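# this one's structure only:
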Ligand SMILES: NC(=O)C1=CN([C@@H]2O[C@H](COP(=O)(O)OP(=O)(O)OC[C@H]3O[C@@H](n4cnc5c(N)ncnc54)[C@H](OP(=O)(O)O)[C@@H]3O)[C@@H](O)[C@H]2O)C=CC1
Ligand SMILES: Cc1cn([C@H]2C[C@H](O)[C@@H](COP(=O)(O)OP(=O)(O)O[C@H]3O[C@@H](C)C(=O)[C@@H](O)[C@H]3O)O2)c(=O)[nH]c1=O
């Protein structure tokens, strides 16, 4: 059995759909903000592997809830890692493109220098380090711009706003790869299997192709949904937010193919499926 944290989230919901071998825990069963809760949950469940799909994902909210975001995204994964090391089971930790500073135009490799611009990214980077330092067999999967039919995401925001308005202003100078939650869930399961049969611990990237701006992604959403809403390209400076987002979120995903045989998905397929559902 694979134990999954973050039951109500986008990725965990897809994990539960994909596999009958997962047990997902919600906040009431394991509160990631409470020291000891993850350790106790793992020891009680005695799983064969753990996937952490739980996180504080409110990027702007993290700027003012620093301690809580850091506890959930930084300390809790470390606690999971230490429990997994003790029980000799693998851990898959999901992380984010927001650990990078967004400079330049080249796709980031897993080993490239990090430099988070905000609290969310910094807290997720702390989680990565804590998992790496825990001594467990692990895979850290950095992904980006996650969307699904459930929960909070950019696609659902665009569908809501696009149905109400004729024109939306959307930033065109932040570039990244939208990624279906279902693809991330499938990748997590593949990585668990790989780690169980000896794949090396490490960090990998997974994002949908082709890379695009948020404005371009919004246009694709309206196109697929048949919504008559225009998109005006704006700059990051035109859309001030509490947290600074990276301009270049391109991820180089080749190591995921090399180690686990997982290819970059075309996000347009996922978008059609999500909007249809
Ligand atoms: N969303 C995105 O665009 C991206 C996400 N990621 C990463 O992917 C992973 C999955 O993200 P996604 O599925 O979108 O996440 P969601 O925001 O959809 O879900 C987050 C989950 O974490 C849970 N959670 C939050 N706080 C706590 C807590 N204190 N105790 C227990 N559970 C808690 C939430 O529970 P509740 O419903 O109770 O709040 C929810 O189940 C995360 O690690 C995230 O950082 C990476 C890149 C992009
Ligand atoms: C709603 C809206 C947003 N925007 C901009 C703001 C921002 O720069 C960009 C994306 O907005 P959001 O706030 O939805 O996205 P954001 O919460 O920043 O998404 C991030 O979430 C975390 C969890 C991650 O890990 C990242 O990979 C990424 O997916 O779009 C517009 O320009 N116009 C709009 O109408």
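In hand now; what should we look at? Worth saying up front: this structure is predicted, and the values here are computed from it rather than measured. Numbers count the residues shown, from 1 in each chain. Ligands and ions are numbered 1, 2, ... in the order given.
# measure whichever residue of the stretch 151-277 of the chain sits closest to ligand 1 to residue 191 for me?
Residue nearest to ligand 1 within the stretch 151-277 of the chain: residue 151 (4.0 Å; C-beta to the nearest ligand atom). All C-beta atoms are positioned from the backbone trio N, CA, C, and that covers glycine. Distance of residue 151 to residue 191, given as C-beta to C-beta, to the nearest Å: 22 Å.
# wait, a helix at residue 78?
Yes: counting by DSSP: H, G, I helix; E, B strand; the rest coil, residue 78 falls inside a helix.
# the residue of the stretch 1-150 of the chain found nearest ligand 1 - nearest residue in space that isn't next to it in sequence?
Per C-beta to the nearest ligand atom, residue 9 is where the stretch 1-150 of the chain lies closest to ligand 1, at 2.4 Å. Distance criterion C-beta to C-beta, 6 or more residues apart in numbering; nearest residue to residue 9, sequence neighbours excluded, is residue 53 at 5.5 Å.
# ok, the residue of the chain positioned farthest from its centre - contacts?
Most distant from the centre of the chain: residue 166, at 30.6 Å, with distances by C-alpha atoms, centre = their mean. For residue 166, the contact set (C-beta atoms under 8 Å, 6 or more residues apart in numbering) comprises 228-230.
# those in strands, which ones?
By the criterion of DSSP state E, membership of the contacts of residue 166 in strands covers residue 230.
# what about the residue of the stretch 1-150 of the chain found nearest ligand 2, how many residues close to it?
Residue nearest to ligand 2 within the stretch 1-150 of the chain (C-beta to the nearest ligand atom): residue 96, separated by 3.5 Å. If you count neighbours by other C-beta atoms under 10 Å, residue 96 ends up with 27.
# my read: it touches residue 124, true?
Yes: if you go by C-beta atoms under 8 Å, residue 96 and residue 124 touch, sitting 5.0 Å apart.
# which residues are common contacts for these two?
Here residue 96 and residue 124 have no joint contacts, going by C-beta under 8 Å, 6+ apart.
# before we move on, back to that, now for the residue of the stretch 1-150 of the chain closest to ligand 2: which residues touch it?
Residues in contact with residue 96, defined by C-beta under 8 Å, 6+ apart, are 120-121, 124, 142-144.
# give me the pLDDT for it.
The score at residue 96 is 98. That number is its pLDDT.
# and it, backbone torsions?
Here is the backbone geometry of residue 96 (degrees, to the nearest 10): phi -140, psi 160.
# low-confidence regions, the stretch 151-277 of the chain specifically.
Counting by pLDDT under 70, the stretch 151-277 of the chain shows no low-confidence range.
# so is stretch 222-232 next to ligand 2?
No: against ligand 2, stretch 222-232 shows no contacts by C-beta under 6 Å from any ligand atom, the least distance being 8.9 Å.
# which residues belonging to that stretch are considered buried?
Using 16 or more other C-beta atoms under 10 Å as the test for burial, stretch 222-232 gives 222, 224-225, 229, 231.
# please tell me how far residue 174 sits from residue 154.
Separation of residue 174 from residue 154 (C-beta to C-beta): 11 Å.
# swap that for residue 222, sorry
Noted for residue 222: a distance of 12 Å to residue 154, by C-beta to C-beta.
# equivalent analysis for residue 242, please.
Distance from residue 242 to residue 154, by C-beta to C-beta: 17 Å.
# go on, residue 130?
Here the criterion is C-beta to C-beta. By it, residue 130 lies 28 Å from residue 154.
# re earlier: number of residues surrounding the residue of the stretch 151-277 of the chain closest to ligand 1?
A count of nearby residues for residue 151, using other C-beta under 10 Å, gives 16.
# stretch 23-31 vs ligand 1: in contact?
Yes: remark: stretch 23-31 sits within contact range of ligand 1 at 27, 31, by C-beta under 6 Å from any ligand atom.
# quick one: mean pLDDT for that stretch?
In this model, stretch 23-31 has a mean pLDDT of 97.
# show me the contact partners of that stretch.
Contact with stretch 23-31 is made by 1-8, 12, 15-16, 37-38, 40-41, 45, 47, 54, as judged by C-beta under 8 Å, 6+ apart.
# end to end on that stretch, go ahead and measure it.
End-to-end distance for stretch 23-31: 15 Å, by C-alpha to C-alpha, to the nearest Å.
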